[in-house]
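S.K.: Structure, please.
(chains A and B)
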Amino acid sequence: MDKLSNEVWVYIEQRNGKPADVSFELLSKGLKLAQNMGGILKAIVIGDKVKELAKETFKYGVDEAIVIDSAELKDYRTMPYSRIMNELVNASNPRIILFGATIVGRDLAPRVASNTRSGLTADCTELKIDSIKYLGKEYKDLLLQIRPAFGGNIIATIITPDNPTQIATVREGVMEKHLAETQNPVKITEIPFIPDPTDELVKIIEQHREESKINLKGAPIIVSGGYGLGTKENFKLVFELAHTIGGEVAGSRAAVDAGFIVPERQVGQTGVTVRPKLYIAIGISGAIQHRAGMQEANKIIAINNDPDAPIFGISHYGIVGDAAEVIPTFIEAYKHKLK
Amino acid sequence: MFNSIVLVKQVPDTANISGKVMKDDGTVNRAKLPAIFNHEDKVALELALKVKEIYGGTVTAITMGPPRASDILRECLFMGADSVYLISDRKFAGADTLATSYVLSEAIKRIGAYDFVFAGRQAIDGDTAQVGPQTAEKLNIPQITYVEEIISAANGKVTIRKKIDGGYEIVEASLPVLLTVINGAAEARPYSAKRIMAYKNAKSLTDLEGMTEGNSLLYTDKLVHEYKEKNLFIPTFTMDELKLDVERCGVKGSPTKVYKIESVVLAGGNHLKVANTKQGIGNLIEQLMADHILG
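M.R.: Numbers count the residues shown, from 1 in each chain, chains lettered A, B, ... in the order given. Okay, here's the model as predicted:
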C-alpha cells in the first residue's frame, strides 16, 4: 500500500450556516485522534454561505478547512453532497473521516464508504488510536472503533486494517466538545462547486421543521421508562413522576418501539446520550444499548420488579417493586418531604 | 405499473433480552435468541405491496443469509410477494455492510428492470442503516432514507415524505430509486390465510436437500423439478450463480474487521438496596435532597 495519509477529517453538518452540535464534538475528538497519530485535523464544510462557519471550526483545533460554498448546496441533498465527498476522499484518501450519526450523516457516510470502498462503523461510543497486532500483522496507529453491537449485548472493537480510509459515525452527545488550547491560523481552501445532472434526480419540494422543545441533553433530572411498564397507560406514571420532581421524560428503545414514547426521547446508543445529575430508570432491563446513553449520570436509581435485572448493576440505588406501586409512593414521599 | 425489489433480513431478536437467554456469567447467550423477520423490512415490503395495489406491477423480495433465512422469504410470500430469492453462499459469511451491498446490488441487477428498491432503514442486529445507501450507490441510483410515506408515483417520478432531523421533507425523485423505510411508515399486513396455505411448503434447494438427506442426488433433482412445477421452489443465488468477484465477498470483501468482542457482564455491581416502602423511599429522597440532587 502507498504511504498512508495522516489526515483526520470531520464532516461539518450545518443548517442555514448553523453547525450541528455533534460536528464540533467530533472536532474535539478528531483533534485528539490527530494528535495521537501525529496527524492533522481538517473540517469539511459544504453548504451555502458557510465561510463564517468554517472559520469557527478553528476554535476546535482545525488545521485547515475545506469549503464548498454554493447557493445550490443550501439544503442537504444526497446526490450532490455525496458526489462532492466522494471526489474529495478519492483525491486524497484521508486516514480517518468522522460523521455525526444524524439522519444526514447516516445518509451520506455509507454512500461515501461505498464509493471509496472504505470501512465504515456506525454509532461508535469510543474512538482511539492504537498500534495493534491483527492476524499476525503489525498495524501502526489504527483507529479502534468501539461500539455496542447485537442489540447492545456485546461490545465490539472494529478496525479497518487494510484500507486507506477508516470512517466512523458517532451520535450527538457521545463525545464532549471543548475549545482547543492552541488555535491554528485560519486556513480555508475553497473548492468550486461544479453541478452535475444527477444532482437533479431528487428535488426537495417542501420542508417542515419545528424547533424541538425536548432538551434531554441539558436536563439535570431524567425519569426514564422501559418496556417493563407494560402499557402506555402505565407509562403515564413516568410522566407524572418527572413532572413532580421537575425532570425530563425519556425512554428506552423498547419503550419507543412499543409506542410508549416518541423517538426523540430515546436514551441510548441509538438515541441520545445524557449525563444528568439524577437518572431514574423504571422498568428498564439495562441492555448495553441503553447503558451507553446514561451510565455517566451522576446518580442512578433503578426501579424494577425483576431483582436480577441488569440495570441494578450500574445503579447507585435500587428499588425492587412494581412501578405502579413504587412511583405513587415516590411521588407522595417527595411531596411530603418538600413541605 | 412499477416493479419493486424488497431487501429483507432475518435477525436475532435482540430487542427484548429476558432472563431466559442470560448465561450464568451474566452475558447473553446469542444462540438462544429466536430468529425473526426484521421489522422495518416488513414495513418496507408493506409499502411495496401498497404500491403494487395502487399502480400495478410486481414485488420481489430477496434476502442474503444462511439457508434458514428462507423462513422469512416464505413470510414474504404469505404477505403477498410475487417472487422471492435466497442469496446464500458460505463465501458470503462474515460480510460487513460493504460486502453485503456488493452482493445485493449484483443480485438486484440480475433480477432485472426495477423502479423501486425498498429496504428497512436498518436491521436490529447491527443498527447500522448502511446497507440501503451502499446498495443504492453501487446501483448508481439515488436513495431516499427515512421514508415516512409514498405520496404519489407517476410518469417516472415518485413523491415522498421523509423524516429529517427536526421535521420532515417532501421530495420528488426520478425512478429508479432506493427507499429505506422507517417503522411508522406503515402497519405490516397480517399474513393471508389463503397465502399461508398456498406457500407454507415453498422450499429452497437447501430445504429440499434437508428433506432428502441420505437419499440420492437424483431424488433431490426430482423434488426440485416437482416444486418448480408447483411454483413452490425458492431459487437460490450463489456466488458463482451471480458471477461475483470473490475478493469483494464475505470476510475478504469486508474492510471492517471485528478485532475484539467482549460479552457484556450485565449482572453484578454494588448498589444500595432501597426498601419498597414509604419509609425506604422517603429516606432515599431525603438523602438525594441532602446531596442537592433533588430539590
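S.K.: So, low pLDDT: which residues of the stretch 151-295 of chain B?
M.R.: B:214, B:264-269 (pLDDT under 70).
S.K.: just the helices in it please.
M.R.: For the stretch 151-295 of chain B, the helices defined by DSSP state H, counting those that start in this stretch occupy B:193-199, B:205-211, B:217-229, B:278-290.
S.K.: and the second one, what other elements does it pack with?
M.R.: Judged by 3 or more C-beta pairs under 8 Å, 6 or more residues apart in numbering or on different chains; DSSP states H and E, the packing partners of helix B:205-211 are helix B:217-229. No exception for glycine: its C-beta is placed from N, CA and C like everyone else's.
S.K.: elements contacting the helix it packs on?
M.R.: By 3+ C-beta pairs under 8 Å, 6+ apart, helix B:217-229 packs against helix B:205-211.
S.K.: want to throw the helices of the stretch 151-295 of chain B into a markdown table with mean neighbour count?
M.R.: Formatted as a markdown table, the helices of the stretch 151-295 of chain B follow (neighbours: other C-beta atoms under 10 Å in any protein chain shown):
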| stretch | mean neighbour count |
| --- | --- |
| helix B:193-199 | 13 |
| helix B:205-211 | 17 |
| helix B:217-229 | 13 |
| helix B:278-290 | 17 |
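S.K.: I'd like these written out as a markdown table, with distance to residue A:89 added.
M.R.: Below are those laid out as a markdown table (distance: least, C-beta to C-beta, whole Å):
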| stretch | distance to residue A:89 |
| --- | --- |
| helix B:193-199 | 45 |
| helix B:205-211 | 40 |
| helix B:217-229 | 46 |
| helix B:278-290 | 50 |
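S.K.: Show me the one of those helices that comes nearest residue A:161.
M.R.: For the helices of the stretch 151-295 of chain B, proximity to residue A:161 was assessed by C-beta to C-beta; helix B:205-211 is nearest, at 33.1 Å.
S.K.: ok, and what's touching that closest one?
M.R.: Helix B:205-211 has contacts (C-beta atoms under 8 Å, 6 or more residues apart in numbering or on different chains) with B:67, B:70, B:88, B:203, B:220, B:223, B:224, B:227, B:234, B:236.
S.K.: swap in stretch A:174-183?
M.R.: Contacts of stretch A:174-183 (C-beta under 8 Å, 6+ apart): A:21-22, A:24-29, A:31, A:58-61, A:124-125, A:127, A:273.
S.K.: Could you rerun that using 10 Å?
M.R.: A:21-32, A:41, A:58-62, A:98, A:100-101, A:123-127, A:269, A:272-273, A:275, A:292-293 (C-beta atoms under 10 Å, 6 or more residues apart in numbering or on different chains).
S.K.: Now the buried members of those residues.
M.R.: A:22-32, A:41, A:58, A:60-62, A:98, A:100-101, A:123-125, A:127, A:269, A:272-273, A:275, A:292-293 (16 or more other C-beta atoms under 10 Å in any protein chain shown).
S.K.: So which of the contacts of stretch A:174-183 reach chain B?
M.R.: A:100, A:101, A:123, A:269 (C-beta under 10 Å from any C-beta of the partner chain).
S.K.: ok, of those residues, which one's closest to chain B?
M.R.: residue A:123 (6.5 Å; C-beta to the nearest C-beta).
S.K.: isn't residue A:268 right next to residue A:279, touching?
M.R.: No. When contacts are counted by C-beta atoms under 10 Å, residue A:268 is not listed as touching residue A:279 (12.0 Å).
S.K.: what is in contact with those two at once?
M.R.: Common neighbours of residue A:268 and residue A:279 (C-beta under 10 Å, 6+ apart) are A:224, A:250, A:293, A:294.
S.K.: doesn't residue A:222 make contact with the second one?
M.R.: Which is residue A:250. Yes. The criterion here is C-beta under 10 Å, and residue A:250 meets it with residue A:222 at 5.1 Å.
S.K.: Next, show the common contact partners of these two.
M.R.: A:216, A:242, A:265, A:267, A:272, A:274, A:276, A:279, A:280, A:281, A:294.
S.K.: Could you list which residues are in contact with residue B:153?
M.R.: With C-beta under 10 Å, 6+ apart, residue B:153 has these contacts: B:2, B:51, B:54, B:55, B:57, B:115, B:116, B:159, B:160, B:173, B:175, B:177.
S.K.: so of those, which ones are in strands?
M.R.: Among those, the members falling in strands (DSSP state E) are B:2, B:57, B:116, B:159, B:160, B:173, B:177.
S.K.: Was I right to think the fifth one contacts residue B:169?
M.R.: Yes. The pair residue B:160 and residue B:169 qualifies as a contact (C-beta under 10 Å) at a distance of 8.7 Å.
S.K.: Could you name every residue contacting both of the two?
M.R.: A:205, B:144, B:146, B:148.
S.K.: Excluding covalently adjacent residues, which one is nearest to the first one?
M.R.: Closest residue to residue A:205 in three dimensions, ignoring its sequence neighbours and counting by C-beta to C-beta, 6 or more residues apart in numbering or on different chains: residue B:170, at 4.3 Å.
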